[in-house]
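A.B. asks: here are the coordinates; sequence isn't available:
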């Protein structure tokens, strides 16, 4: 009787366990189905952001492994590139350890407070150094380069190159970086063209300063006028050069026409008169002629290439100024005054643009890169030892012997495969 009761309880327990196991199995099946649905949803969501790789397997260890490996690689890569660039500045620029330490401090300051990381800052410093600037001069103009880059929405290296080229061409040197950045930024805004395109036009046209004494502001006004015709980049610079070359009397015939018309383009020292005076005098002379005579005079003075700039300048001087202030009678005068009074434009524009959402996220990236660079500095000696050890290992007889053995075995394996293939081809009838 007791045995029957025992077996009955055992049977009930077994049935209960089976039922519980069945419920658990069904629960796991539902969990699997739900998990697959969630995973499929995650894959669809990730594909929209081009991040499908995030759904490969278990995310937690995937993230951890990716973060560790990518963090190490990026830290080493960024740090090595920055260190190499700064070493180039130190060697080619003949800068002392104290001067390079100051540049490092400035590099970290910019990286932690703006949208440019240490590598971008180092590359711009290298451009300035190759242009002949010493460390103390680089420190003095770094903020000007930064303002110009942000205001012009261009990279630091391009901004540094443009400022060096233009300021040198106009005889202003590093001390003129601030003025050049203001004039170019403002003139580009007036002409509705990009700062980078405008800067390239200025670099192309800048020779007219040495040839004819044309000022920075007059050159920028001419480029801005051409940009309104759709003539941009280096083409605008070339067109402006041709205009001044024509008006300078590049041929005896042109010089004769200028004298006959009583038009004097140059001052007593041989430099060109200010642009507003030159265009106003030409416009007055042309207005005194009938239509046919106007065309004949322009053709006598200007080549097809040189006429582009003057045509737009004459158009502007005959256009009433918008919202004209005191003394502003035409659009050319208004444009020239706006460019002349551009002091501080790049700094103000840069400060405002630094507050946009895009700039703020660039600043986050720059701060991360700066931290990576700082981390690299602390482990650089260790990485140098690792590199030296690897170099010695790769040049050791043992490594070369092992590599030769591996290559030989691979070649023999390939040769065996080729011979087997040839045997099968030659005896395919017998094998069939």
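C.D. replies: That came through fine. Values in this document were obtained by computation on a predicted structure and should not be read as measured data.
A.B. asks: where does the stretch 301-432 of the chain dip in pLDDT?
C.D. replies: Under the criterion pLDDT under 70, the flagged ranges of the stretch 301-432 of the chain are 321, 323-328, 429-432.
A.B. asks: and residue 409, how far from residue 244?
C.D. replies: Counting by C-beta to C-beta, to the nearest Å, the gap from residue 409 to residue 244 is 73 Å. C-beta: built from backbone N, CA, C; applies to glycine.
A.B. asks: who has more neighbours out of the two?
C.D. replies: residue 244 (25 against 10; other C-beta atoms under 10 Å).
A.B. asks: secondary structure class for that one?
C.D. replies: helix (DSSP: H, G, I helix; E, B strand; the rest coil).
A.B. asks: which residues touch the closest residue to it other than its chain neighbours?
C.D. replies: Distances taken as C-beta to C-beta, 6 or more residues apart in numbering place residue 208 nearest to residue 244, at 4.9 Å, with adjacent residues excluded. Neighbouring residues of residue 208 by C-beta atoms under 8 Å, 6 or more residues apart in numbering: 214, 219, 240-241, 244.
A.B. asks: please, where are all the helices along the stretch 251-400 of the chain?
C.D. replies: Remark: helices assigned in the stretch 251-400 of the chain by DSSP state H, counting those that start in this stretch are 252-261, 275-287, 291-301, 304-317, 331-340, 345-353, 357-394, 397-426.
A.B. asks: quick one on the thing from earlier: helix or strand: which one has the residue nearest to residue 244?
C.D. replies: helix 207-212 (DSSP states H and E).
A.B. asks: now the element after that helix, going C-ward?
C.D. replies: helix 216-227.
A.B. asks: from start to finish, how long is stretch 269-282 in a straight line?
C.D. replies: Distance between the two ends of stretch 269-282: 21 Å, counting by C-alpha to C-alpha, to the nearest Å.
A.B. asks: all helices of the stretch 1-150 of the chain, in order?
C.D. replies: 2-48, 59-93, 97-113, 118-130, 135-151.
A.B. asks: got the angle for the fourth one vs helix 97-113?
C.D. replies: Translated: helix 118-130. Between the axes of helix 118-130 and helix 97-113, defined by axes from the mean of the first three to the mean of the last three C-alpha atoms, to 10 degrees, the angle is 140 degrees.
A.B. asks: where in the stretch 1-150 of the chain is pLDDT low?
C.D. replies: 1-71.
A.B. asks: 90 instead, please
C.D. replies: 1-79, 92-95, 113-114, 131 (pLDDT under 90).
A.B. asks: ok so, going back, buried set for the helix holding residue 208?
C.D. replies: By neighbour count on 16 or more other C-beta atoms under 10 Å, the buried set for helix 207-212 is 207-209, 212.
A.B. asks: now, which of those residues sits nearest residue 391?
C.D. replies: Set against residue 391, the nearest of the buried residues of helix 207-212 by C-beta to C-beta is residue 207 (49.6 Å).
A.B. asks: good, wrapping up.
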